[in-house]
Each structure stands twice: as structure tokens, then as C-alpha cells.
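[1] dropping a prediction and its sequence here:
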Amino acid sequence: MLIARVVGELVATQKHASHEGRKLLLVQPLNLDGTDRGDAVVALDAVDAGVGDRVLLATEGFSAMTSVGRPQSPIDMSVIGFIDHIELLPDVSS
């Protein structure tokens with residue numbers, strides 16, 4: 001799973017039949033401190049997220065497909081939840 005920020009929506013005039021009725025989003029993966037982590041990716045939206053929302057991404061094919069109820073669908077990433085708050089605890093192992 002990844003933390004990400006929604007940076008845009010995609011419009012596809014043609015898409016796989018299993019994607020009908022779902023929104024495609026452009027999401028920017030984030031590090032825990034909120035900085036960008038790599039390039040933006042396309043994800044199938046399952047929670048009606050919008051631009052600016054911090055979200056949780058399911059990754060790696062099977063997890064992404066089943067989390068949005070689309071088994072056997074060509075999906076690599078899906079938006080499965082909103083992130084309201086992130087709290088980092090201090091490292092107490094040292």
C-alpha cells in the first residue's frame with residue numbers, strides 16, 4: 001500500500017469494460033513527511049476521491065483488483081480510502 005495525493009482526474013473515451021462506471025485518478029505517491037515519492041500514477045477510484053485528497057492506494061494487481069470489486073480486471077493501482085491524519089511516533093528503539 002502507498003500514501004498518495006490526488007493531483008488530477010483522467011477522462012478515457014475508451015476503456016476496458018471492467019472499468020465502466022469508475023473514475024480514473026492521477027495520484028502522486030508520497031513519503032511519510034508529505035514529499036513526493038517518484039512519478040504520479042493512474043489509479044481506479046473506489047471511494048469518490050477528488051483533487052487534493054490524501055488517499056490510500058492498493059497496489060500490485062490482485063490486491064488492487066479485489067479491493068474495488070473488479071476481479072480479473074487489468075488494474076495495477078486503486079484508491080481504497082481517505083487519509084485524515086498521519087502521526088509519526090518517535091523512534092524509541094535506540
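    Thanks, I have it.
[2] span of stretch 16-32 from start to end?
    Its first and final residues considered, stretch 16-32 spans 33 Å by Cα to Cα, to the nearest Å.
[3] show me which residues of it are buried.
    By 16 or more other Cβ atoms under 10 Å, the buried positions in stretch 16-32 come out as 18, 19, 22, 23, 24, 25, 27, 28, 29, 30. C-beta: built from backbone N, CA, C; applies to glycine.
[4] stretch 74-82 now?
    In stretch 74-82, counting by 16+ other Cβ under 10 Å, buried: 75, 76, 77, 78, 79, 80.
[5] can you give me the strands in this protein?
    Using DSSP state E, the strands of the chain run over residues 2-10, 24-30, 41-45, 54-59, 77-82.
[6] between those, which gets nearest to residue 91?
    strand 2-10 (19.1 Å; Cβ to Cβ).
[7] quick one: contacts of the closest one?
    Here strand 2-10 makes contact (Cβ atoms under 8 Å, 6 or more residues apart in numbering) with 23-30, 32, 37, 40-43, 49-57, 59, 79, 83, 86.
[8] tabulate the strands of the chain (a markdown table), appending mean pLDDT.
    Listed next are the strands of the chain as a markdown table, based on pLDDT from 0 to 100:
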| stretch | mean pLDDT |
| --- | --- |
| strand 2-10 | 95 |
| strand 24-30 | 96 |
| strand 41-45 | 91 |
| strand 54-59 | 92 |
| strand 77-82 | 91 |
